[in-house]
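1. Sharing a model that was predicted from the sequence below.
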Amino acid sequence: MSFKQITSTVIMLTLFFYGVINSLIYIKQSEDSLSVIRHNYSTKSYKQSLPVDLDNVSTIAKANFTSKSDNLGIVAIRFNNHNRVNHGQIEFRIKEVGTDKWYYKNIYNTDQFRLEADFTFGFPLIKDSKNKKYEIEIQPTYLTPLEYVSIPKGFPIITKHQYDSSEIKNNYVTLTRFLIIKALNTVSDIRTLLAILSYFTPWLIYVIIRKLKKPPFAFLTDNTFIWLLIIILVGSQDSELTFIVSSIVFAALLPASLSSKVNTILLLSILSLPLVPLVFQLSNYVITQRLYGRIYLIILFSVIYFIFQLRKSNAK
Amino acid sequence: MLTKNFANHKILDLILVLAIILISVFVTREIMNSSGIPGLRDDWNFPFIEEQVSSLSQRSTNYWVGYPLSRNLGEFHWSIVDLFVNKLDISLSLVAYLNIVIPIAMSGILMYLFCRGKYHLHPLSSLVSGIFYMLSPLVFNSVVSGYLPLLVGYALYPLFLWLFLNIIEKKSIDIISIITGAFILRIIIGQDNNIVIASIMVTIVQVYFWLVGNESIKKISLDLVKTSALFVLALLFGASFLTTFIYSLNSNIALIQDLSISWNTFRTPLIHTAFLLDGAGYQYFFQAIPKEINLIWSFSAYVIISIVFSSVLIKNQRKNTLLYLLISLIAIFIFKGGSYPFGEINLNLLYKIPLVFGALRNSQYITFLASLSYAVLLGFVLNYLIIERKKIAKIVFPATLSLVLIYAIPFWTGDFNNNFQLLTLSDEYAKTYNYLSEGNKETSVLMLPMYEPLAYKNSETAGIDVLSAHFYDRRISRIIGIGGSALEKLLAEKLYTSTDSAQIQSIIDHLNIEDIAYRPEFESRVLRFLEMDYHSKNKDYWNNQNILKNIHQLNPNVVPVNPIETSTIQLFKNKSYIPLIHVPKTVIVTSSEKPQDKYEQRLYATGQIPYLVIHSSELPRDFIIPNYTIPELSFNKINPVLYQVRILTQKQVFPLVFMDLYDNGWTITSEQYAEDLLNTSFIKSLKLLSNQNFSFKFENHYATDHGNSWFIDVEKVCLEKPESCKKVNDQYELDLLIFYKPELAYQLGQHVSKYTLVISAIVLMVILTIKLLNNRKDE
């Protein structure tokens, strides 16, 4: 085995294990414990069209859902904090449809809400919640000037159902049912799949480019390994669709960039700057910042690369 | 015009400089048209009353506002204003206007000259650079927020960079550039954030040139010597900052850290908004963009950024282009703070280098460097097109100029989008100010309703309250922010929520409040700055009626007065205030952490006013409060940091209380030093600072949640400093001074600056004379 082959194998294994370890960490962080079942309800459950800005104490966001399991104990909702710390408060309340009295209500500080994660509203378990229709309401109770949160588009209402773990472990039938539901939860969650796929993208790209062999091991030459490093480093910070797309676009453009006088990736990055308002309109700030974070890094690393080229040419 | 060669066209340069001046006048036309004082939005506002100007300029001596790390680098600014207003008798409103328009024009002019002189860019591309730099969001926000010394620094950055580049590009040591550069840097660091920002810029430039030039160790060492000389000289020009800082390091490092507002105090922007140089801290510029054209504006702004970064593709001027790209990208990275990507790097720097953390509060200022780089890069791109791609330039140049003008839309309103309020104040304010600050009294004024550091709700002024602004002679009881003690906060709470008049009176007395100025039309904003739980419990009580009711209940101790017949300001006088310096009737030692609890104890001591409350942790374990008889005491305020105290006492140990805000820097010394402290010289202040026996070794204890206290041992005083102890019959007359010792460090710095300035001027003159003589010889 030549040195190049050993290097290639080491890189390939490193990238593969990078994918495995990150995926496991992601699943562990995002999945609930064995005794918890999660169900998603579409955004149609809301009575208003989204987004709903909770910027007035008279605004009430309302939603209905029919519980798919017993032991309902948590409702998780995504809030848009508009990239700021909001110092207001909201009240969350839940009751079964048709009853007069709220089963549970509580006030929460909105400074904890982030667009990156669902906020979980916990309440005493409702043992026989299966097939019952519930109504939830969210209403601001205290607002500070220019600070409010919203319920954004595109995020489902999530319910969580807590079962007795000893009961599950002792009963093989229940345990099997739980494992199937949880596996389905993982597979059916597009974000989990995307996350896993994104962690394996560097490995996939590396495998594909090695197979192309035009020229052999071109991927390891010049500054390309640095580019790969950028992708990996950036990728370790998120797990969104944009990561996969930008990685693939990057990989596709790489050969052209190397052979051309003009670095295509750099050029496209600079030209994409005026599109920020458009990208922001079409997506949200999380995706926009991640996309332009990469563009920033591409420009930065290009400048550093050119500085070292200049240094090299000056030395000659 | 685009195709002509204007390499040395002085007349065109003059015309374009005039155009920049005209633009700066145009964008401030609404201020020029008015005779009022621009009321800016935040805390470094321009003084509204002429008397406040002289008060401000006097702060450079006897500087004491209640915290040890004084931000005095920008003080010279007010002395210049004082010169114009009081010595040259120019109207305050005109000086206020010039104070804004000159830095704006200077930023454009200096950027233009920098592009022309340093990089020989085409006049038109230099003009675009100048306009871009002058009409940046940073300028807009600095003006609106009233950060005028900051704006002066911003304007001078191109000149400083020019001089710095000259210094390091020359193989020899260019003393003229070093002295001039240091002087410019001294003015720039009038806002202390600029110490770090200028250091970052200089470090990037320096390392970059070493890197691309493959420089030898010899050259690197020489550069380091030159750069160090530049910074050391700049700091020596403002040596008071250095000396008080070093003095503070001794004992107050934790306090310095505490006082620093953290980076995260203000929102840091996301990376895509960081490119636009706004989005953190003050957002006046962003908010001034009309909603209807927001999309067009965003697009235009990002096209400019795209043009700026396209400079990376230009092959000529490669070395310079890459330098400015690197500066802008690093500045953007720091600016975006903890936001993605790699925000952890910023956060780690922040928490692990605490002093940088303090100096870089308000991270948006780092974008000065990005703004400067953008402007130069824009010039490079346009210059390249004008020289190399003439046909494209004919389209791109006017398009870019238009985009720059669209980017600067908030400026075109002429009044900074109505963020100015031009105030012509009634005489009442000046009269009230004069009444409250007259003489050399040692009391404080309580401003009601309680105010948050800047302003009131319903206030007629945009930013800092007109009456409270620049009221430094005597401390005002303000509740939130630097200087607010637990006792002041307690007073705020009790005034609104309590009906215990005795307790309120007692706190007012302890705070040494003689005058109360109440303005019924204002409402306090303090409540929203307090904890949410407190807010929800007390919001019903937090109104003007309650405080007014409480103040009236203090009668006959606190009585209404109307010495100047004001209609909008009600004045009260507290007849029963306790003198600032006194010997308490009793000493209460408490182990409670809550100030309220200490005042529960006070209720048992109502007959013992004035009393002294000390926390048990303040005292040594075996300390026993001495029995003492109350001596006779008289005192005289010489200046805000120096008080003469005469005490007639028997031989005993007794407590002495000084109810100005607690600081470990307050010491007790002998009256013999009075003359030296009033007329310090370099040698005198150095001697006194290093004199271990300058003050008595009595420990300063935190007194009654606010002030200073010492246990004076008469025997020790007489033994250590016999000249301050005189035996009168069977008693002892002690002549003491209460002095704020860090003032000596400040005075020392003042002398160092003075000498540095004189020596530098002499060196400059000698070198220039030698040069002149050599030139004549050559001819």
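-> Thanks, I have it.

2. which residues touch the closest residue to A:Gln48 other than its chain neighbours?
-> Using Cβ to Cβ, 6 or more residues apart in numbering or on different chains and skipping the chain neighbours, the partner closest in space to A:Gln48 is A:Ala61 (6.5 Å). Placement of C-beta: from N, CA and C, glycine included. By Cβ atoms under 8 Å, 6 or more residues apart in numbering or on different chains, A:Ala61 lies in contact with A:Tyr46, A:Gln48, A:Val52, A:Leu54, A:Glu137, A:Ile138, A:Gln139, A:Ile151.

3. any idea what the second one is structurally, helix, strand or coil?
-> I take that to be A:Gln48. At A:Gln48, secondary structure determined by DSSP: H, G, I helix; E, B strand; the rest coil is coil.

4. ok, now how distant is it from chain B?
-> 23 Å (Cβ to the nearest Cβ, to the nearest Å).

5. May I ask you to confirm that that residue is in contact with A:Thr59?
-> No - at 9.1 Å, A:Gln48 does not count as touching A:Thr59 under the criterion of Cβ atoms under 8 Å.

6. more neighbours, these two?
-> Using other Cβ atoms under 10 Å in any protein chain shown as the criterion, A:Gln48 and A:Thr59 rank with A:Thr59 on top: 17 against 12.

7. quick one: the more buried one and A:Gly88 touch, right?
-> No - using Cβ under 8 Å, A:Thr59 is not in contact with A:Gly88, being 11.8 Å away.

8. so what sits against both of those two?
-> By Cβ under 8 Å, 6+ apart, the residues touching both A:Thr59 and A:Gly88 are A:Pro140.

9. related to what we said a few turns ago, which of the contacts of A:Ala61 count as buried?
-> Buried members of these, counted by 16 or more other Cβ atoms under 10 Å in any protein chain shown: A:Tyr46, A:Val52, A:Leu54, A:Glu137, A:Ile138, A:Gln139, A:Ile151.

10. And the residue in the stretch 651-779 of chain B that chain A sits nearest to, which helix or strand is it part of?
-> Proximity of the stretch 651-779 of chain B to chain A (Cβ to the nearest Cβ) peaks at B:Asp705, 27.9 Å away. Using DSSP states H and E, B:Asp705 sits in no helix or strand.

11. okay, now it: neighbour count?
-> 22.

12. Same question for B:Ile189.
-> 25.

13. Excluding chain neighbours, what is closest to it?
-> B:Ile195 (5.0 Å).

14. The top helix by length along chain B packs against which elements?
-> When chain B is parsed with DSSP state H, its longest helix is helix B:742-778. Counting contacts by 3 or more Cβ pairs under 8 Å, 6 or more residues apart in numbering or on different chains; DSSP states H and E, helix B:742-778 is packed against helix B:175-188, helix B:217-237, helix B:239-251, helix B:682-690.

15. Tell me which of these sits most buried.
-> helix B:175-188 (a mean of 22; mean count of other Cβ atoms under 10 Å in any protein chain shown).

16. So what touches that helix?
-> Under Cβ under 8 Å, 6+ apart, the answer for helix B:175-188 is B:76, B:152-153, B:156-157, B:159-160, B:163-164, B:166-167, B:170, B:194, B:198, B:226, B:229-231, B:233-235, B:237-238, B:760, B:763-764, B:767-768.

17. Could you give me the PyMOL syntax to select whichever of those residues are buried?
-> Per 16+ other Cβ under 10 Å, the buried members of these correspond to this PyMOL selection:
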select buried, chain B and resi 76+152+153+156+157+159+160+163+164+166+167+194+198+226+229+230+231+233+234+235+237+238+760
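
18. what number of residues lie near the residue nearest to B:Pro631 when sequence neighbours are not counted?
-> Once flanking residues are discounted, B:Pro631 sits nearest to B:Thr649: 3.4 Å by Cβ to Cβ, 6+ apart. A count of nearby residues for B:Thr649, using other Cβ under 10 Å, gives 20.

19. For B:Phe635, see how far away B:Thr649 is.
-> Computed as Cβ to Cβ, to the nearest Å, the B:Thr649 to B:Phe635 distance reads 14 Å.

20. same check, this time on A:Ile205
-> For A:Ile205, the distance to B:Phe635 - Cβ to Cβ - is 80 Å.

21. Quick check: which ranges of chain A have low pLDDT?
-> Counting by pLDDT under 70, chain A contains low-confidence ranges at A:1, A:3-4, A:28-34, A:83-85, A:116, A:145-146, A:191, A:209, A:212-264.

22. For it, which segments count as helices?
-> Using DSSP H, helices in chain A cover A:3-30, A:165-170, A:172-188, A:190-212, A:224-235, A:241-259, A:264-271, A:276-282, A:285-315.

23. can those helices go into TSV with extra columns for distance to chain B and mean neighbour count?
-> Shown next, in TSV, are the helices of chain A (distance: least, Cβ to the nearest Cβ, whole Å; neighbours: other Cβ atoms under 10 Å in any protein chain shown):
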stretch	distance to chain B	mean neighbour count
helix A:3-30	17	13
helix A:165-170	36	12
helix A:172-188	26	13
helix A:190-212	15	17
helix A:224-235	6	17
helix A:241-259	12	17
helix A:264-271	5	19
helix A:276-282	4	16
helix A:285-315	4	19
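
24. and B:Pro556, backbone torsions?
-> As for B:Pro556, its main-chain torsions (degrees, to the nearest 10) stand at phi -90, psi 0.

25. Next one: it relative to B:Cys718, how far apart?
-> Going from B:Pro556 to B:Cys718 by Cβ to Cβ gives 42 Å.

26. check contacts around A:Val187.
-> Contact analysis of A:Val187 by Cβ under 8 Å, 6+ apart lists A:Leu193.

27. continuing past the helix or strand bottoming out on mean pLDDT in chain B, what's the next helix or strand?
-> When the helices and strands of chain B are compared on mean pLDDT, DSSP states H and E, helix B:253-259 comes out lowest with a mean of 44. For helix B:253-259, the following helix or strand on the C-terminal side (DSSP H and E) is helix B:271-274.

28. which secondary structure elements does that next one contact?
-> Here helix B:271-274 touches helix A:285-315, helix B:318-335, going by 3+ Cβ pairs under 8 Å, 6+ apart.

29. who wins for proximity to B:Asn664 among those helices?
-> Nearest of the helices and strands packed on helix B:271-274 to B:Asn664, taken as Cβ to Cβ: helix B:318-335 at 34.0 Å.

30. State the mean pLDDT of the closest one.
-> Across helix B:318-335, pLDDT averages out at 93.

31. Go ahead and report the secondary structure state at the nearest residue to B:Ile625 once chain neighbours are set aside.
-> Among residues not flanking B:Ile625 along the chain, B:Val587 sits closest, at 4.9 Å (Cβ to Cβ, 6+ apart). Here B:Val587 is strand, with the state taken from three-state DSSP.

32. could you measure B:Val587 against B:Ile624, distance?
-> Applying Cβ to Cβ, the value for B:Val587 to B:Ile624 is 11 Å.

33. again with A:Phe123
-> Relative to B:Ile624, and taking Cβ to Cβ, A:Phe123 is found at 58 Å.

34. now for the helices and strands packed on helix B:742-778, which one comes closest to B:Phe342?
-> helix B:217-237 (28.2 Å).

35. Okay, angle between that closest one and helix B:742-778 too, please.
-> 120 degrees (axes from the mean of the first three to the mean of the last three Cα atoms, to 10 degrees).

36. those strands in the stretch 351-500 of chain B, which residues are they?
-> For the stretch 351-500 of chain B, applying DSSP state E, counting those that start in this stretch gives strands covering B:421-423, B:444-448.

37. Since that was my last question, I'll sign off now.
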